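Novice: Predicted structure and sequence below. I'll ask about it afterward.
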Amino acid sequence: MFIRMVPIVVLILSLVSYSLLLLIFAVMHDLRLIHTDLKPENILLVSPECVKVPDYKGTSRFPKGSSYFKRLPKSSAIKVIDFGSTTYERQDQTYIVSTRHYRAPEVILGLGWSYPCDIWSVGCILVELCTGEALFQTHENLEHLAMMERVLGPLHQHMLKRVDRHAEKYVRSGRLDWPDGAASRDSMRAVLKLPRLQVWFCFGRASTIGGGLCWSNRFVQ
């Protein structure tokens, strides 16, 4: 049973955290293995059995006298699956790993990664199990890094100074280029080269353009 399919209470979350960290630290990392793709979909409950317990929050939504129950896992035992991306620890690992929402900053910045990228993923997973939502919901690198700074504070200078050539565009004057760097300069130049589209992007004219002008635009015709 997928772990994200059942409600998680604090005690169970604590036990799951312990089991997951024990597996990562005591087993995989001792074998010099890095999973690189830890996410809720790759963590299963060993037993599908559940127990019914009263949902006291839920009872407030139902008529007086009615009862409402939720199902909780009977055991916190877990197993990790999908070792297709697992690799041995080496010094030259800079390629992109991990599913976007659980990807560590050193992976995005091209600094090289090792065991800590698994630990970062575990942290993101535990927050998601607790809140029901992914901590970093984005699909763009610069925004992802900005979200990390919002939660944890500024990225360390020693990291920003060592970014690889592919990530240099995310840094300006020794800090993350956010929000100024959010709009791609190439994208802006491309739009400006399309005069037939510019009628839709004029500040202050949105309320005065009128449908007629849009319909008469050659791009639409």
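Specialist: Good, I have the coordinates. Numbers count the residues shown, from 1 in each chain.

Novice: Skipping its backbone neighbours, what lies nearest the most centrally placed residue in the chain in space?
Specialist: In the chain, the residue lying closest to the centroid (C-alpha atoms, centre = their mean) is H101, at 1.7 Å. Leaving aside its sequence neighbours, H101 sits nearest to A134 (C-beta to C-beta, 6 or more residues apart in numbering; 4.5 Å). Every residue, glycine included, has its C-beta placed from N, CA and C.

Novice: Give the buried residues for the longest helix belonging to the chain.
Specialist: What stands out as the longest helix in the chain, according to DSSP state H, is helix 116-131. Buried residues in helix 116-131, counted by 16 or more other C-beta atoms under 10 Å: 117-118, 120-122, 124-126, 128-129.

Novice: Include pLDDT and distance to L145 when you put those into JSON lines, please.
Specialist: Shown next, in JSON lines, are the buried residues of helix 116-131 (pLDDT from 0 to 100; distance: C-beta to C-beta, whole Å):
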{"residue": "C117", "pLDDT": "94", "distance to L145": "15"}
{"residue": "D118", "pLDDT": "93", "distance to L145": "19"}
{"residue": "W120", "pLDDT": "93", "distance to L145": "13"}
{"residue": "S121", "pLDDT": "94", "distance to L145": "16"}
{"residue": "V122", "pLDDT": "89", "distance to L145": "20"}
{"residue": "C124", "pLDDT": "92", "distance to L145": "14"}
{"residue": "I125", "pLDDT": "91", "distance to L145": "20"}
{"residue": "L126", "pLDDT": "86", "distance to L145": "21"}
{"residue": "E128", "pLDDT": "89", "distance to L145": "19"}
{"residue": "L129", "pLDDT": "84", "distance to L145": "24"}
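
Novice: Show me which of those is closest to F69.
Specialist: L129 (20.6 Å; C-beta to C-beta).

Novice: Surely the closest one is in contact with L15?
Specialist: No. Assessed by C-beta atoms under 8 Å, L129 is found out of contact with L15, at 11.7 Å.

Novice: Beta-bridge partners for L176, please?
Specialist: Per DSSP bridges, the residues bridged to L176 are V171.

Novice: Renumber starting at 8 from here on
Specialist: That works, and once the first residue is 8, the last one we named lands at L183.

Novice: Now do the contacts for it.
Specialist: Applying C-beta atoms under 8 Å, 6 or more residues apart in numbering to L183 gives the contacts 149, 152-153, 156, 161-162, 167, 177.

Novice: Which parts of the chain are strands?
Specialist: Using DSSP state E, the strands found in the chain span residues 40-41, 50-52, 57-61, 76-80, 85-87, 94-95, 178-179, 182-183.

Novice: got the CA coordinates for the third one in PDB?
Specialist: Coordinates of each C-alpha in strand 57-61 appear next as PDB, following Å, rounded to 0.1, in the frame of the first residue of the first chain:
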ATOM      1  CA  CYS A  57      -5.700  -0.700   8.900                       C
ATOM      2  CA  VAL A  58      -7.700   0.000  12.000                       C
ATOM      3  CA  LYS A  59     -10.700   2.200  12.400                       C
ATOM      4  CA  VAL A  60     -10.500   5.100  14.900                       C
ATOM      5  CA  PRO A  61     -13.000   7.900  15.500                       C
END
